[in-house]
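S.K.: how does the following fold in three dimensions:
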Amino acid sequence: MRETVRLFYPKAELTFLTGATNSTLTSFLCLSYSVRMLEKVEELNMDKVIEEFELLSKDAERVQRETLKKILEDNASAEYLQSLGLNGRTDPESFKACVPLVTHKELEPYIYRIIDGDASPILTGKPITTMSLSSGTTQGKPKYVPWNDELYETTMQIYQTSFAFRNREFPIKNGKALSFIYGSKQFKTKGGLAARTATSNVFSNAGYKRAMRALQSQCCSPDEVIFGPDFFQSLYCHLLCGLIFRDEVQFVSSTFAHSIVHAFRTFEQVWEELCTDIREGVLSSRVIVPSIRMAMSKLMKPNPKLANLIHKKCTGLSNWYGLIPELFPNAKYIYGIMTGSMEPYLKKLRHYAGELPLLTADYGSSEGWIAANVNPQYPPEYATYAVLPHIGYFEFIPLSELDNTRGQPDFLCIDPQPVSLTQVKVGEEYEVVMTNPAAHCPSAAYVGLVHDREGLYRYRLGDVVKVMGFHNSTPELKFVRRSSLLLNINIDKNTEKDLQVAVEAAAKLLAEEKTEVVDYSSHVDLSEEPGHYVIFWEINGEASEELLQECCNCLDKSFVDAGYTSSRKVNCIGALELRVVRRGTFQKILDHYLGLGTAVSQYKTPRCVGPTNGAVLQILSENVVNNYLSTAF
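M.R.: The predicted model follows:
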């Protein structure tokens, strides 16, 4: 029996079999997403978006099999897959038997062939049009990852899903978003491919603004500000635009929490100048880029009343607490990625936010999207992310297998055996393995701040997650940490999370004297025997020698890993060293990465500076003003 079903989109009609199989239903849902993209996105029905997600998440295992089948069919002609002997098979069992687990290092020879101009189907069946760049803050240089414009639709889908759940809890009306987003310059690779940072590929997409209007999230800054060539001028104008449209701002956002904190720390320094601009209707002389000045001139006119109001608000605050809701009275929340390496900024962000809720964004990486935040009411520290089973094919390596092989010689290491999406167990921790889609059916009117890639098969992401429960049959994940060891000298195993915990414990001592850690990093110093940990701190305020020595001892004692404490006691690891750097040092590190072409929208402070990151280590070392050696052991 055929039946015409009117989608929630009033102009679109599709005919399908009412007795359809589950597979047909999935295809219908995927097609409904695509049809929405062809129509006016302004009429999206968020309740229907949630309904479709619920249907797809109720049969995650089957959806996963179909997603993998589609990926392998679309890329059957790729040299990489053909060399592995799949011979057209698309079932998970054959896929896992033939295709090895890989990291970016194993794929680099293929990626560099593409960069150098090899147009044959190497990693994907369809040609690669663009290369995306990671921030490069981890290894000291950016990673190249293939990008195809069709994957933009996948990005839009996950963003729309989370927005629907977010808007149900925190509804916003037609207005604007104060979004601290920044594009980056595009360049050509040796082979003529366009290359730019990950976020820029999204912001420059023709559908970006339209989709943001559909989600009532249009940035209050013009494109010339977003894509301005100078970060500081763009940031200044973002702040100015936010103030001009202060009554229309519905929420404040950026890709990462760090960017929001950085923006309002900057506001503390320039707020009086911003008031002068508004009062006189003339843009500050600090902004010299002609395109930005021209775009801003269209927004500005003398407004002494607004300038006086902002001046009164700022002078009435106590140490800038609650700054954001004071400036933007109709803002409903603050939004951005706030987990993982962004957690250290939450304390300062809450200070600026006052009573405004902090909502963490979705779970993804430079290599692709994974899951949506469908429980936006949870604070960032307790956030979970529901995996979208149709957005890629996912596997999970039990962390116990990795811990058992870490530190063993290669010939003793057995390849880890991942489990499927629906085989994970609540309470267990896993490393994520992903296989990215090429263009496949589940695409939607969805726009995000990062985007998916293609051509990655059984790619070890390096993220450790904990399964907190299930949303229907798809797991809800909590991000725990990166799987790689951050600090390691002997038998010690300390991760980024361990470093964060130690810094937070010691920073509590500073708080007693109304001083705070602005930012931090670390280094393993092996220049002398035994090697030792070095922690770099930038602080604001004054702290006594005695207090900083106490902080140093606290840092040392807060690394509770058994391998570390036992090694310290027998002097196989030397005394931890705290190096305090002068104010503005971490700004210099940001400037360094900006000079390399990194967009602020992707920037993350490097938490451990290794041998491949010599320039950053030099910046830190040249700005040390005091150092302290632990006497804790």
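
S.K.: measure stretch 532-546 end to end?
M.R.: Start to finish, the residues bounding stretch 532-546 are 22 Å apart (CA to CA, to the nearest Å).

S.K.: which residues touch it?
M.R.: Stretch 532-546 has contacts (CB atoms under 8 Å, 6 or more residues apart in numbering) with 487, 489, 499, 502-503, 510, 513-525, 551, 555-556, 559, 573-586, 620, 624, 626. C-beta coordinates here come from the backbone N, C-alpha and C atoms, glycine included.

S.K.: may I see the ChimeraX selection of the buried members of those?
M.R.: Command for ChimeraX that selects the buried part of the contacts of stretch 532-546, burial taken from 16 or more other CB atoms under 10 Å:
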select :487,489,499,502,503,510,515,517,518,519,520,521,522,523,524,525,551,555,556,559,573,574,575,576,577,578,579,580,581,585,586,620
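
S.K.: what number of residues are in the vicinity of Ala119?
M.R.: 12 (other CB atoms under 10 Å).

S.K.: list the contacts for it?
M.R.: Residues in contact with Ala119, defined by CB under 8 Å, 6+ apart, are Pro127.

S.K.: from Arg568, how far off is it?
M.R.: The gap separating Ala119 from Arg568 is 55 Å, by CB to CB, to the nearest Å.

S.K.: tell me what Ala372 is bridged to.
M.R.: Ala386 (DSSP bridges).

S.K.: assign Leu123 to helix, strand or coil.
M.R.: Assigned by DSSP: H, G, I helix; E, B strand; the rest coil, the conformation of Leu123 is coil.

S.K.: burial count for the nearest residue to it once chain neighbours are set aside?
M.R.: In space, and not counting its chain neighbours, Leu123 is closest to Gly455: 3.2 Å by CB to CB, 6 or more residues apart in numbering. Neighbourhood size, Gly455 [other CB under 10 Å]: 27.

S.K.: if I look at Gly455, what pLDDT would I see?
M.R.: On the pLDDT scale, Gly455 is placed at 75.

S.K.: what's the answer for Ser285, then?
M.R.: We have a pLDDT of 96 for Ser285.

S.K.: my guess is it is in a strand, correct?
M.R.: No: looking at Ser285 with three-state DSSP, it is coil, so not inside a strand.

S.K.: and it, what does it touch?
M.R.: Listed by CB under 8 Å, 6+ apart, Ser285 has no contact partners.

S.K.: tell me how far it lies from Asp59.
M.R.: 61 Å.

S.K.: you'd agree Val581 is up against Val624?
M.R.: Yes: Val581 is within contact range of Val624, at 5.6 Å (criterion: CB atoms under 8 Å).

S.K.: show me what the longest helix along the chain is packed up against.
M.R.: When the chain is parsed with DSSP state H, its longest helix is helix 257-280. Where contact means 3 or more CB pairs under 8 Å, 6 or more residues apart in numbering; DSSP states H and E, helix 257-280 is packed against helix 231-244, strand 249-256, helix 304-315, helix 323-327, strand 333-337, helix 346-353.

S.K.: who wins for proximity to Ala383 among these?
M.R.: For the helices and strands packed on helix 257-280, proximity to Ala383 was assessed by CB to CB; strand 333-337 is nearest, at 9.9 Å.

S.K.: where does the stretch 401-550 of the chain dip in pLDDT?
M.R.: Of all residues in the stretch 401-550 of the chain, those with pLDDT under 70 make up the ranges 403-414, 437-454.

S.K.: run the last query once more with 90
M.R.: Flagging of the stretch 401-550 of the chain using pLDDT under 90 yields the residue ranges 401-416, 436-456, 481-486, 493, 495-497, 511-514, 541-542.

S.K.: for Leu68, find the nearest of the helices and strands packed on helix 257-280.
M.R.: Leu68 lies closest to strand 333-337 among the helices and strands packed on helix 257-280, at 27.4 Å (CB to CB).

S.K.: chain center to the strand ranked longest in the chain: distance?
M.R.: The residue-count maximum for a strand in the chain (DSSP state E) belongs to strand 459-471. For strand 459-471, the separation from the chain centroid amounts to 15 Å (computed by CA atoms, centre = their mean, to the nearest Å).

S.K.: may I have whichever strand or helix holds His523 exported as PDB, CA atoms only?
M.R.: Assessed by DSSP states H and E, His523 sits inside strand 516-525. Below are the C-alpha coordinates for strand 516-525, written out as PDB (Å, rounded to 0.1, in the frame of the first residue of the first chain):
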ATOM      1  CA  GLU A 516      44.200  33.000  40.200                       C
ATOM      2  CA  VAL A 517      46.000  30.900  37.600                       C
ATOM      3  CA  VAL A 518      45.400  32.500  34.200                       C
ATOM      4  CA  ASP A 519      46.700  29.500  32.300                       C
ATOM      5  CA  TYR A 520      49.200  26.700  32.600                       C
ATOM      6  CA  SER A 521      51.300  24.200  30.700                       C
ATOM      7  CA  SER A 522      53.900  21.500  31.500                       C
ATOM      8  CA  HIS A 523      57.200  20.000  30.200                       C
ATOM      9  CA  VAL A 524      59.200  16.900  31.000                       C
ATOM     10  CA  ASP A 525      62.800  18.100  31.600                       C
END
